[in-house]
Structure formats: structure tokens, C-alpha cells
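Asker: What follows is a protein structure lacking sequence information:
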């Protein structure tokens with residue numbers, strides 16, 4: 001399972017079954033409602049993975065200094081399952097979205113995950129910069145060993161919708 005650029009997505013890539021299912025839904029009279037239900041079911045299948053990723057970032061240690069806004073909780077709020085049906089990309093994935101307006105650090109999810117960490121100026125100084133590291137691979141470890149489980153859950157949601165559409169045709 002790979003998303004649109006590791007390490008911040010985990011998803012089921014477009015595959016023929018999903019494209020065919022979306023076409024069949026569009027052909028139905030209440031296709032819009034069926035698409036909403038399929039997307040909801042696929043998101044529900046990925047919620048445990050998103051919750052685990054949130055738990056992993058919240059367990060990252062901090063320097064102990066009270067700061068606002070809180071970096072870890074801001075990153076955790078931006079982790080959620082995403083489903084797109086149709087267009088350039090179709091599929092389901094868990095994604096850590098950018099954290100706009102959080103300490104001027106929009107790439108916080110990506111930077112806290114990587115081994116190299118990130119550089120930033122010391123508060124109150126323009127000349128002194130420091131290297132800081134987060135919890136390496138916190139996002140990737142959230143899904144390790146569970147990829148097949150999430151993929152099966154998403155495929156089960158797709159199968160259920162396909163079965164519903166096939167039963168209508170009978």
C-alpha cells in the first residue's frame with residue numbers, strides 16, 4: 001500500500017475494481033447518495049490507522065516548555081482518512097495534512113517524521129539556528145504490519161457497495 005508520496009499517506013491506489021464501481025454508482029438513479037455511503041464506509045475502514053498515527057505523534061517527547069499552539073496536538077488534528085472517487089486519483093488513504101499557521105511551520109508532520117529533523121532559529125535570535133529532531137518514523141510505524149488489514153477493510157466496503165448495486169439490477 002502506498003499513497004501519493006511516502007511517508008505521509010497510506011492508501012489503496014486506484015485499481016480497476018474501484019473505477020468500475022464508481023462508474024456503476026454514477027449510472028444509478030441515486031448515485032450521489034451511494035458515492036457518499038461508499039466514501040463514508042471506506043473512511044471508517046481507515047479510522048483505526050488514523051487513530052494510531054495520532055497516538056504516535058502525541059507520544060513524541062517535548063522539551064517540557066509550554067508553548068502555544070501545541071505542535072503535537074496540531075499535527076494530530078491534521079491526520080485523517082481521505083477518500084476520493086474519480087478524477088486524477090481515486091482511492092483511500094490516511095494523510096497528515098500540512099499544519100498551516102502553526103508557528104510558521106506548515107511542514108511539521110513531514111519534518112517530525114524524518115530522521116534528519118528540521119532547523120529553526122532560536123527564539124529571539126536571527127543568527128543562531130538549531131537542529132531539532134522529532135520522533136523518527138512515527139507515521140510509518142503506525143501502519144507497520146497492518147497494511148493488509150486496512151486494505152482488506154477498504155476492499156470489503158467496496159465489495160458491499162458492489163453487492164448492493166448488483167442486487168438492485170436483479
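Answerer: Thanks, I have it. None of these values were measured; they are calculated from a predicted model.
Asker: can you give me the helices for this structure?
Answerer: For the chain, the helices defined by DSSP state H cover 16-27, 31-58, 71-77, 108-113, 138-143, 147-169.
Asker: So which of the ones you listed is nearest residue 94?
Answerer: helix 31-58 (4.9 Å; Cβ to Cβ). (Each C-beta comes from the backbone N, C-alpha and C, glycine too.)
Asker: Show me what the mean pLDDT comes to for that closest one.
Answerer: Summarised as a single mean, pLDDT over helix 31-58 is 92.
Asker: how far out from the middle of the chain is it?
Answerer: Helix 31-58 sits 9 Å away from the centroid of its parent chain (Cα atoms, centre = their mean, to the nearest Å).
Asker: And that helix, what's buried?
Answerer: 34-35, 37-39, 41-43, 45-46, 48-50, 52-54, 56-57 (16 or more other Cβ atoms under 10 Å).
Asker: Run through the neighbouring helices and strands of that helix.
Answerer: Judged by 3 or more Cβ pairs under 8 Å, 6 or more residues apart in numbering; DSSP states H and E, helix 31-58 is in contact with helix 16-27, helix 71-77, strand 79-84, strand 91-96, helix 138-143, helix 147-169.
Asker: now those as JSON lines including mean neighbour count?
Answerer: Shown next, in JSON lines, are the helices and strands packed on helix 31-58 (neighbours: other Cβ atoms under 10 Å):
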{"stretch": "helix 16-27", "mean neighbour count": "15"}
{"stretch": "helix 71-77", "mean neighbour count": "19"}
{"stretch": "strand 79-84", "mean neighbour count": "20"}
{"stretch": "strand 91-96", "mean neighbour count": "25"}
{"stretch": "helix 138-143", "mean neighbour count": "20"}
{"stretch": "helix 147-169", "mean neighbour count": "15"}
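Asker: Between these, which one is closest to residue 115.
Answerer: helix 138-143 (11.2 Å).
Asker: Quick one: residues contacting the residue lying closest to residue 162 once chain neighbours are set aside.
Answerer: Nearest non-adjacent residue to residue 162, counting by Cβ to Cβ, 6 or more residues apart in numbering: residue 21, 5.5 Å away. Residue 21 is in contact with 38, 158, 161, 162, 165, counting by Cβ atoms under 8 Å, 6 or more residues apart in numbering.
Asker: Now do the first one against residue 159, distance only.
Answerer: Taking Cβ to Cβ, to the nearest Å as the measure, residue 38 and residue 159 are separated by 11 Å.
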